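**Student:** generate a structure from the sequence data that follows.
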Amino acid sequence: MKLTTRQLAQSALLLAICIISQYFKNFSVYITGPIVNTVIIIAVLSIGLWSGLMISLIAPVTAFFLAGSPIMAAIPLMFPAIMAGNAVLAVTVWYFQNKLNFRYRLPAGLIAASILKAAFMGIVIVLIILPLFGDNIASKLPKPEALPMVLETAKVTFSFTQLVTALTGSALAYLIWLPLQKYIKRSIE
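**Tutor:** Alright, predicted model coming up:
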């Protein structure tokens, strides 16, 4: 696949928006999460699947370096799991938009992508990774006795919160995409 300078610049701009939003992660995941999901979706819709996948892979790494996370520091397997969850979102949106043909394919794809991302992360992180490696987190905590509370919070964060932030990001992306797609069509013509 040949990438144009324009596509690379657009992807870099979206990645910059994603990185800037990650400064708010310690303030609220309900701000950062929807923005990151919105950026991934807009990248897929406006630039292509490869752009959404690139952002899906880079976002967890930059989030870790900007905001830190004792869970991710203690369990490096979290990185590929979160990357894969983001990739599920990107691929599902792309599939619905480019491989299916029915009237409401984009809203249906956004909802399906949000549910699949949350389900994937819930299964892989909450049901597999945390039970197997959760005890590793205690060494990274200032108070190791807080481990049960940290694990419970992580279970909610990587399941229900993922669904809420993915659905919110999908709604934002849909609202942005409606006028943006018209602008893109006009600029191509």
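**Student:** now for this protein, the helix or strand with the poorest mean pLDDT.
**Tutor:** helix 70-74 (a mean of 81; mean pLDDT, DSSP states H and E).
**Student:** what's the first helix or strand after that helix?
**Tutor:** helix 78-99 (DSSP states H and E).
**Student:** give me the next element, helix or strand, following that following helix.
**Tutor:** helix 105-121.
**Student:** measure how that next one sits relative to helix 78-99, angle-wise.
**Tutor:** 160 degrees (axes from the mean of the first three to the mean of the last three Cα atoms, to 10 degrees).
**Student:** other residues contacting helix 105-121?
**Tutor:** Under the contact criterion Cβ atoms under 8 Å, 6 or more residues apart in numbering, helix 105-121 has outside partners 37, 41, 81-82, 84-86, 88-90, 92-93, 95-97, 100, 102, 158-160, 162-163, 166-167, 169-171, 173-174, 177. Glycine gets a C-beta too; all of them are placed from N, C-alpha and C.
**Student:** how about low-confidence regions in this protein?
**Tutor:** Counting by pLDDT under 70, the low-confidence segments of the chain come to 1, 188-189.
**Student:** rerun that using 90 as the cut-off
**Tutor:** Within the chain, the stretches with pLDDT under 90 are 1-3, 22-29, 63-75, 133-154, 157, 181-189.
**Student:** ok, longest helix in it?
**Tutor:** helix 160-188 (DSSP state H).
**Student:** got the buried residues for it?
**Tutor:** For helix 160-188, burial by neighbour count (16 or more other Cβ atoms under 10 Å) applies to 161-163, 165-174, 176-177.
**Student:** report all helices and strands that that helix contacts.
**Tutor:** Helix 160-188 sits against helix 29-46, helix 105-121, with contacts defined as 3 or more Cβ pairs under 8 Å, 6 or more residues apart in numbering; DSSP states H and E.
**Student:** off-centre distance for that helix?
**Tutor:** Its chain's C-alpha centre and that of helix 160-188 lie 13 Å apart, by Cα atoms, centre = their mean, to the nearest Å.
**Student:** tilt between it and helix 29-46?
**Tutor:** Using the same axes, to 10 degrees: helix 160-188 against helix 29-46 is 40 degrees.
**Student:** what's the helix or strand hosting residue 54 in contact with?
**Tutor:** Per DSSP H and E: residue 54 is located in helix 49-67. Here helix 49-67 makes contact (Cβ under 8 Å, 6+ apart) with 1, 3, 7, 10-11, 14-15, 18-19, 22-23, 25-26, 32, 36, 39-41, 43-44, 69, 72-73, 78-79, 82-83, 86-87, 89-91, 93-94.
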